[in-house]
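Colleague: turn this into a structure:
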Amino acid sequence: MKPTKLFLALAVAVLLGACTRAPKVWDEVECLHSTADAITVTNVEFTDTATILSIHEKNTPGWGIRIPESTRLVGNKGKEYKIIGGEGIAIGEQFVTPESGEAHFKLLFEPMPRSTRHFDYVENYSLEGWRIYGLHHPSQPIETPKYKKRHIKNGTAEGFLHTDTVYVRGKIESYSHDKGFTTIQINRTNVLTREDLPISVNINEDGTFEVSYTSAHPKFEHLTLEGKDSYNMTLIYTVPGCATELFIDEEGNFEMTSPDKQVMTCKRIVDNFLLGYDLCSYMEREDSMKVLDLKAYISYLDRKEAAYNKYMEYLAWRYELTPTERHYLWLNGKVLYLEYLFDYDARTRRSNNYMADSIALEYDSYQCLHDMPYNDAASLAIHEFYFAINRYEYSRIMLKNIFKPDLLGLDYVICHDTTRIANDMKVLGASAPTLWGSIMLLRDTKWQLEYLRDYKEEQPKFVEMHRELLIHPFLKAELDRLYAKELEAQKPTWTLPEGEATDILRRMTDKYRGKYLLIDFWGMGCGPCRAGIERSKEMRKAFRDHPEVDFLFISAPESSQEAYDAYAKEHLDGEDCQIVSRDDFNKLMQLFKFLGIPHYETLDPDGNVLNKGLEYSTTEAFTKRLEELKK
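Modeller: Numbers count the residues shown, from 1 in each chain. This next block holds a predicted model:
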């Protein structure tokens, strides 16, 4: 009997020990990529009842963060572990950063296996949700498979550029109009021509929505929902001739699906919001630009690109991305590199750094760009390409030798075009004109045609000569469309179309029939908006109670009504200031085709829209323009 009792005692001890075994602890934690600027994971405990993350928060005192109830950890084979509580923080509630600017708390999740070597922290898959990818202990670096090809063969313009109808439809879970928003905004742009083409999509009472529009190529579009107390943004992938379907749950998570294979090839990259990241944070980039010369800044970007590529390999392996998705991730890194390189150019130009000027004007300074995908049409699908090409085309190196004060009219714009092509080839190390170079020429078309209005007989000649410089038939067709649009713009006015947006505008403007009306779309958070309002204050006073002209100021709801009222009292006293709902503002943005503010429109006495309207200026110049309109 004694041996039996001893055996039982040992068995009980073993069982008790198993129930109370010490946690596995990562006393140091590294990650491959983080979008969480304010929090860092400093310690991880794997226990039998929970996985515990120790968090260091560093933020502006008084600012708040919120850890949503949808937060989870993603482990091996995509298994998710839900958040179950917090120590020092309440899940789902606002946490205010103390005066010290730092705080420590713990997040508790369902228990992960002790054998876990790496995992991801995910709040939700949208712009607002923080994600930390590849959390691991430094002693166990993440090893991912090396793909023989990081990206697929360059996308040819012939197979990529074609116009067809895009269909977007979906459903918002547990939706009602009481949520404070009745529209979804698709923030569309035509990157080939600089045209803003936002679309405001009405949401039905049951949460369904549907819209169709024409598009020139596959693209990742930004989609936003903005209510009284909420703001959410995500990317969707659209392909001409195909349908994109979207399901949005109560937590704001987006899931994309489609009956079309071309769209579904990018499902993982969209559902997991994998294109929503920078090579580096904005503040880190700003700090680097302040202290580094161009050569050192390029080395900094090279290191960031190498880290991005490692992170990209992790995502491709972890989420089993398709070759198309891997290609888009690679393109995203290249496009961000281009954008951030020429951010440096813009910053040093603003600071009048003449040493940087001399380096920035040397073609050899940009050998880092010789491996850019400058002929890959798929780069147009990347959302950040809109900003990257803008920085590039206005950089000092691209404007080098471009201004010829002795040239006028057609001679000037053709010299401008040929010089731009030559600069582009030298900067990118290309042996022939590039697709990106042709796109820059097409993007210049609108202002060039407007400039040539004073040389109208030269406009058709310009179009023919411009067409010869564009390297693809689709770009040539876009040139013809822009020319037709220019001929329409030479007419004095255009008539507002029938529809909901026009009805919204008419309710505010009908009382001004018989007058010219300058409409200012603005917002409190817009510095240029306020600058224009403040600069025009005295001029507007001169036209107070004028029988032939008036002013209307339209904005969406502000975060602080008190601040708005104080500003309006000081700078807009006596003016007609209208605050419309975000939904109505979205519809007005679609009507007038703008995404940014300030934006100005002028109605004539009959309520038609002037193609060339009034603008803030001196009292004398404003009076002169008003007299011109009356002729």
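Colleague: shouldn't residue 164 be in contact with residue 243?
Modeller: No: applying CB atoms under 8 Å, one finds residue 164 not in contact with residue 243, separated by 11.6 Å. Using the backbone N, CA and C atoms, a C-beta is placed for each residue, glycine as well.
Colleague: so these two - more neighbours on which side?
Modeller: Between residue 164 and residue 243, counted using other CB atoms under 10 Å, the more crowded position is residue 243 (18 against 12).
Colleague: and the pLDDT for that one?
Modeller: pLDDT, the model's per-residue confidence, is 97 for residue 243.
Colleague: how much space between it and residue 166?
Modeller: Distance, residue 243 to residue 166, by CB to CB, to the nearest Å: 8 Å.
Colleague: what's the answer for residue 456, then?
Modeller: Going from residue 456 to residue 166 by CB to CB gives 36 Å.
Colleague: so for those two, which sits in the more crowded spot?
Modeller: Each of residue 456 and residue 166 has its neighbours counted (other CB under 10 Å); residue 166 has more, 23 against 9.
Colleague: so that one touches residue 216, yeah?
Modeller: No: counting by CB under 8 Å, residue 166 sits too far from residue 216 to count as a contact (10.1 Å).
Colleague: list residues touching both of these two?
Modeller: In the contact map built from CB atoms under 8 Å, 6 or more residues apart in numbering, the residues linked to both residue 166 and residue 216 are residue 240.
Colleague: domain parsing for this structure?
Modeller: 24-135, 157-271, 398-490, 494-630 (automatic domain parsing).
Colleague: pipe those domains into a markdown table and attach distance to residue 326 per row.
Modeller: Compiled in a markdown table, the domains of the chain are given as follows (distance: least, CB to CB, whole Å):
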| stretch | distance to residue 326 |
| --- | --- |
| domain 24-135 | 16 |
| domain 157-271 | 9 |
| domain 398-490 | 21 |
| domain 494-630 | 30 |
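Colleague: so which of the ones you listed is nearest residue 334?
Modeller: Minimum separation from residue 334 across those (CB to CB) falls at domain 398-490, 11.2 Å.
Colleague: that closest one: end-to-end distance?
Modeller: According to CA to CA, to the nearest Å, domain 398-490 extends 30 Å from its N-terminal end residue to its C-terminal end residue.
Colleague: mind checking the domains of the chain for the one nearest to residue 376?
Modeller: Among the domains of the chain, domain 398-490 sits nearest to residue 376 (CB to CB), with 7.5 Å.
Colleague: so for the closest one, what's the average pLDDT?
Modeller: Regarding domain 398-490, the rounded mean pLDDT is 93.
Colleague: how far is it from where the chain is centred?
Modeller: On the basis of CA atoms, centre = their mean, to the nearest Å, the separation between the geometric centre of domain 398-490 and that of its chain is 27 Å.
Colleague: residue contacts, the closest residue in space to residue 516 that isn't next to it in sequence?
Modeller: Closest residue to residue 516 in three dimensions, ignoring its sequence neighbours and counting by CB to CB, 6 or more residues apart in numbering: residue 549, at 4.6 Å. The neighbours of residue 549, taking CB under 8 Å, 6+ apart as the test, are 515-518, 543, 614, 626.
Colleague: for those, which one is nearest residue 404?
Modeller: Where the contacts of residue 549 are concerned, and distances follow CB to CB, residue 404 has its nearest neighbour in residue 614, at 32.6 Å.
Colleague: which helices and strands sit right next to whichever helix in the chain runs longest?
Modeller: Counting residues, the longest helix found in the chain (DSSP state H) is helix 323-350. When contacts are defined as 3 or more CB pairs under 8 Å, 6 or more residues apart in numbering; DSSP states H and E, helix 323-350 sits against helix 267-271, helix 282-291, helix 294-318, helix 354-360, helix 385-393.
Colleague: contacts for the last one?
Modeller: Right, the one you point to is helix 385-393. Under the criterion CB under 8 Å, 6+ apart, residues 189, 191, 335-336, 338-339, 341-343, 345-346, 379, 398, 420, 436, 439-440, 443-444 lie in contact with helix 385-393.
Colleague: okay, angle between that helix and helix 323-350 too, please.
Modeller: Relative orientation of helix 385-393 and helix 323-350, computed by axes from the mean of the first three to the mean of the last three CA atoms, to 10 degrees: 40 degrees.
Colleague: before we move on, the earlier item: out of the contacts of residue 549, which are inside strands?
Modeller: Cross-referencing these with the strands (criterion: DSSP state E) gives 516-518 as the overlap.
Colleague: where in the stretch 201-350 of the chain is pLDDT low?
Modeller: Counting by pLDDT under 70, the stretch 201-350 of the chain contains low-confidence residues at 228-230, 273, 276-277, 350.
Colleague: ok, 80 please
Modeller: Residue ranges of the stretch 201-350 of the chain with pLDDT under 80: 227-232, 250-253, 271-283, 348-350.
Colleague: what are the ranges of the strands in the stretch 51-200 of the chain?
Modeller: Counting by DSSP state E, counting those that start in this stretch, the stretch 51-200 of the chain has these strands, from start to end: 51-58, 64-66, 72-74, 80-87, 94-96, 102-109, 119-122, 131-135, 164-172, 183-186, 189-190, 195-196, 199-202.
Colleague: residue 523: which of those is closest?
Modeller: Within the strands of the stretch 51-200 of the chain, the stretch nearest residue 523 is strand 183-186; the backing value is 14.8 Å (CB to CB).
Colleague: who does the closest one pair up with?
Modeller: strand 199-202 (antiparallel), strand 219-226 (antiparallel) (DSSP bridges).
Colleague: which positions in the first one come out as buried?
Modeller: Of the residues in strand 199-202, 199-201 count as buried by neighbour count, 16 or more other CB atoms under 10 Å.
Colleague: swap in stretch 585-597?
Modeller: 585-592, 594, 597.
Colleague: distance to residue 317 for those residues - can I get that in a markdown table?
Modeller: Output for the buried residues of stretch 585-597, formatted as a markdown table (distance: CB to CB, whole Å):
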| residue | distance to residue 317 |
| --- | --- |
| 585 | 43 |
| 586 | 39 |
| 587 | 44 |
| 588 | 46 |
| 589 | 41 |
| 590 | 41 |
| 591 | 46 |
| 592 | 46 |
| 594 | 42 |
| 597 | 42 |
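Colleague: now, which of those sits nearest residue 120?
Modeller: Ranking those by separation from residue 120, with CB to CB as the measure, puts residue 586 on top at 33.6 Å.
Colleague: burial measure for residue 63, as a count.
Modeller: Neighbour count of residue 63, defined by other CB under 10 Å: 11.
Colleague: where does it land on pLDDT?
Modeller: Looking at residue 63, its pLDDT reads 90.
Colleague: got the contact list for it?
Modeller: Applying CB under 8 Å, 6+ apart, we find residue 63 in contact with 96-97.
Colleague: which residues does stretch 336-343 contact?
Modeller: Residues beyond stretch 336-343 that count as contacts (CB under 8 Å, 6+ apart) turn out to be 278-280, 285, 289, 297-298, 301, 305, 308, 366, 368-369, 372, 384, 387-388, 391-392, 394-395.
Colleague: thanks a lot, see you next time.
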